[in-house]
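**Student:** Requesting a structural model of the entry that follows:
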Amino acid sequence: MKKKKLSLIMLMMLCILWLPACQSDETQPPPSEKVSAEKKELMAKHLPVDGFIENVGWLSNSEILTVKDEGGVTSFFIYNLYDGTSKKIYEVNSSYVTASISPDMKKIFIHSSPASYSAQVTIIDETGEVQFQKDVPSYDLTHSWNQFNEDVLLMTSFSEDWSFQVFEINLENKTMDPIEVEQPFVQWQSESSILFQDWSSNELSVSAPLISQNILNNEKEMIVEDSVHFNQFDDSLLSVHSGEDRMPFTYQFIHSNGEIQSEFTVELLSRYSDWLIPYYDMIEKDGRLITFVANEPGSFDTYTGTFSLKSWDTVSGKEKVIFEDLPLEPIQCSPDGGVCLYGNQLEKVIDLKKPNIIQLLKEEGADS
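**Tutor:** Residues are numbered from 1 along each chain as shown. Now for the predicted structure:
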């Protein structure tokens, strides 16, 4: 009897020690998302080229918004880069102009043109449900999402003589109200303040003071005395300015408290009336700016050289070369910073980890 008890105790102890091995495959926990993500492979040459207009941008780390022409109707699809699945979420019958995705990747701004000098502004959510729609007399439009309040954005409508009006669109209230701003190209600095370059109307210049304006009381403040280009990110402000002899130029990253976070110097290509700021994108989660840099000095109009793609860590100030010889084309990186859409129609993907470039479009007649 004692021997049986001892055997039973030993058996119980062994089961406790080897419990994971005793579990069946059905009860084993699934692999972590991180491991699964590492095993995923981008599907090359899978997106049909027939009717393809462009890829707009990222809706998640694996999904993008793609635009196609289907017999004169512009259709919007969510396309998964890893399993090749797609889902149609919306379509417009009027002439498609452009689209963009909100910073939180939950809303889509669509600019279409039902007639000459007329624009239709449609804002949908990721399921295709219309959140806002309005026809606007316009020769051209520009807009700026508010990363500090996703229900509010700015839109500027231009007339043929380039006179303009800036509007504030409130998605929660379904309103579009004009606001008084001296310049047409504006960005949000906070939930209630905007940024713009205060260009002189009396003389041609390649730089201007960078001004902050509170849209509630219209109070203004100069942020940067002389800026060639600016962009407000979540945690920092990018301002580009020239040196005393115009070269080199400095990309300066300014913290919200006004302190300089980091800066990088680079030579820019000249143009007829300004300087070329090469395409770039900010990976917000870790403060990395992915940017093109010209490999040779000169004028953009006659430039025959190539560009390097670099990664700038705006927190530590470290720089890394990703590619040394690429054509200059738009780039837009995934939220996790693993890959970037690349190309004039964002029809390619740059894998930043390997690195290599993957073609997304499948030519007509090509094997799957």
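
**Student:** Check what contacts the helix or strand where Ile64 lies and list those residues.
**Tutor:** According to DSSP states H and E, Ile64 maps onto strand 63-70. Applying Cβ atoms under 8 Å, 6 or more residues apart in numbering, the contact partners of strand 63-70 are 47, 51-59, 74-81, 86, 91, 96, 99, 101, 108, 341, 346. (C-beta placed from N, C-alpha, C; glycine too.)

**Student:** List the buried residues for whichever helix or strand comes after it?
**Tutor:** Per DSSP H and E, the first helix or strand lying C-terminal to strand 63-70 is strand 73-80. The neighbour-count check on strand 73-80 (16 or more other Cβ atoms under 10 Å) flags Thr74, Ser75, Phe76, Phe77, Ile78, Tyr79, Asn80 as buried.

**Student:** Report the angle between strand 73-80 and strand 63-70.
**Tutor:** 150 degrees (axes from the mean of the first three to the mean of the last three Cα atoms, to 10 degrees).

**Student:** Mind giving me the packing neighbours of strand 73-80?
**Tutor:** strand 63-70, strand 86-92, strand 107-115 (3 or more Cβ pairs under 8 Å, 6 or more residues apart in numbering; DSSP states H and E).

**Student:** Next, count neighbours for the nearest residue to Ile110 once chain neighbours are set aside.
**Tutor:** Counting by Cβ to Cβ, 6 or more residues apart in numbering, Ile110 lies nearest to Thr122, which is 4.4 Å off, once chain neighbours are set aside. For Thr122, the neighbour count with other Cβ atoms under 10 Å is 19.

**Student:** Please apply the same query to Ser334.
**Tutor:** Counted with other Cβ under 10 Å, Ser334 comes out at 21.

**Student:** doesn't the residue nearest to Ile110 fall inside a strand?
**Tutor:** Yes. Counting by DSSP: H, G, I helix; E, B strand; the rest coil, Thr122 is found in a strand.

**Student:** Let me see the contact set for it.
**Tutor:** Val92, Phe109, Ile110, Ser112, Val130, Phe132, Gln133.

**Student:** quick one: it from Ser86, how far?
**Tutor:** 20 Å (Cβ to Cβ, to the nearest Å).

**Student:** Ok, Leu238 next?
**Tutor:** Counting by Cβ to Cβ - Leu238 and Ser86 are separated by 34 Å.

**Student:** Then Val49?
**Tutor:** In terms of Cβ to Cβ, Val49 sits 14 Å off from Ser86.

**Student:** same question, Thr98
**Tutor:** 21 Å.

**Student:** can you give me the strands for the stretch 101-250 of the chain?
**Tutor:** 107-115, 118-125, 130-137, 140-145, 152-158, 164-170, 175-179, 187-188, 193-197, 208-214, 220-227, 229-232, 236-242, 249-255 (DSSP state E, counting those that start in this stretch).

**Student:** Just to check, Asn307 is in contact with Glu296?
**Tutor:** I think there's a mix-up here, since residue 307 is Phe and not Asn. No. Under the criterion of Cβ atoms under 8 Å, Phe307 is not in contact with Glu296, lying 9.6 Å apart.

**Student:** So for those two, which residue has more residues nearby?
**Tutor:** The residue with more neighbours, out of Phe307 and Glu296, is Phe307; 22 against 11, by other Cβ under 10 Å.

**Student:** in which helix or strand would I find the residue lying closest to that one once chain neighbours are set aside?
**Tutor:** With sequence-adjacent residues excluded and distances taken as Cβ to Cβ, 6+ apart, Phe307 is closest to Phe292, at 4.3 Å. Using DSSP H and E, Phe292 sits in strand 288-294.

**Student:** Extract the C-alpha set from that strand and format it as PDB.
**Tutor:** Extracted in PDB, the C-alpha atoms of strand 288-294 (Å, rounded to 0.1, in the frame of the first residue of the first chain):
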ATOM      1  CA  ARG A 288      13.400  58.400 -37.300                       C
ATOM      2  CA  LEU A 289      13.300  60.600 -40.400                       C
ATOM      3  CA  ILE A 290      13.700  58.600 -43.600                       C
ATOM      4  CA  THR A 291      14.900  61.000 -46.200                       C
ATOM      5  CA  PHE A 292      16.500  61.300 -49.600                       C
ATOM      6  CA  VAL A 293      19.700  63.200 -50.000                       C
ATOM      7  CA  ALA A 294      21.300  64.200 -53.300                       C
END
